[in-house]
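Trainee: pasting the sequence and the predicted model now:
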Amino acid sequence: MDDIRKVITKIKTLNGPFPAFNFNNTSEFPNELFLEWFQEAIDYGIHEPHSMTLSTIDHNGFPDARVLIIKDVDQYGWYFASSSQSEKGKQIDFNPNVAMTFYWALIGRQVRIRGTAIKMENELSVKDFLARGTVARAIALIGKQSSILKEHSELDEALNKQIEILQHNPSLVFPSWTLYRLVAKEVEFWQADEDRRHIRLRYSFEGDRWLKKLLWP
């Protein structure tokens, strides 16, 4: 254990080269810049660039976080999905203020988004659920996310049962499956620099428009 602890302190960070970020020539809307960066992440071969960390607040005021995937991005917000009866779903019901974080280490880029999560219309949630793979739908239909699992064999048994049910009823939808939209209030784009001269560009929604400001590293 002591050896690996020593390794932690010696791991080098922010080893470029990184792509250029022309912050003087960016869109007036953060969703458009995000999609530009997302395309570049794909072009650079970033593994699973759609993965992000969703942060919420629980009933005791403690932050909670987990990695999910983004479903869509448009002028209205960033979309993700979950059961509304999951821990994160309950936390969102309690406090809809959430944050998303994307980090693409290979190109030294991070995007931080803060705002409010709102539930989308039921038909959109249904569409999202039916677009999931069979196993993903079967896992959701078990309906025991975050519950105590006594034996791993219980999971296999329950999963096989739900897969069989789906084979006979492929249009079955988990009732609490919910598509959420994060309506952003702030979006920050962070571009790493090998010499630590990082670029931070923050969009803030003020009044009826987005304002852009550079931040100190």
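Mentor: Structure's in. What do you need? Residues are numbered from 1 along each chain as shown.

Trainee: mind giving me the packing neighbours of the helix or strand harbouring Arg200?
Mentor: Assigned by DSSP states H and E, Arg200 falls within strand 199-206. For strand 199-206, the packing partners by 3 or more C-beta pairs under 8 Å, 6 or more residues apart in numbering; DSSP states H and E come out as strand 177-191, strand 209-215. (Each C-beta comes from the backbone N, C-alpha and C, glycine too.)

Trainee: using PDB, list the CA coordinates for the longest one.
Mentor: Which is strand 177-191. Taking C-alpha atoms only, strand 177-191 is exported to PDB below (Å, rounded to 0.1, in the frame of the first residue of the first chain):
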ATOM      1  CA  TRP A 177     -38.300   6.000 -16.100                       C
ATOM      2  CA  THR A 178     -37.700   9.700 -16.600                       C
ATOM      3  CA  LEU A 179     -35.900  11.800 -19.100                       C
ATOM      4  CA  TYR A 180     -34.600  15.000 -17.500                       C
ATOM      5  CA  ARG A 181     -33.400  18.200 -19.000                       C
ATOM      6  CA  LEU A 182     -30.700  20.300 -17.200                       C
ATOM      7  CA  VAL A 183     -31.600  23.900 -17.800                       C
ATOM      8  CA  ALA A 184     -28.200  25.600 -17.400                       C
ATOM      9  CA  LYS A 185     -27.600  28.800 -15.600                       C
ATOM     10  CA  GLU A 186     -23.800  28.600 -15.900                       C
ATOM     11  CA  VAL A 187     -21.500  26.700 -18.200                       C
ATOM     12  CA  GLU A 188     -17.700  26.800 -17.900                       C
ATOM     13  CA  PHE A 189     -15.300  25.600 -20.500                       C
ATOM     14  CA  TRP A 190     -11.800  24.800 -19.200                       C
ATOM     15  CA  GLN A 191      -8.900  24.300 -21.600                       C
END
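
Trainee: pull out the buried residues from it.
Mentor: By 16 or more other C-beta atoms under 10 Å, the buried positions in strand 177-191 come out as 177-182, 184, 187-191.

Trainee: what of stretch 32-43?
Mentor: 33-34, 37-38, 40-41.

Trainee: and Ser171, what element?
Mentor: With DSSP H and E as criterion, Ser171 is part of no helix or strand.

Trainee: tell me the SS of the residue nearest the centre of the chain?
Mentor: Among the residues of the chain, Met52 comes closest to the average C-alpha position under C-alpha atoms, centre = their mean, at 3.3 Å. In three-state terms, and counting by DSSP: H, G, I helix; E, B strand; the rest coil, Met52 is strand.
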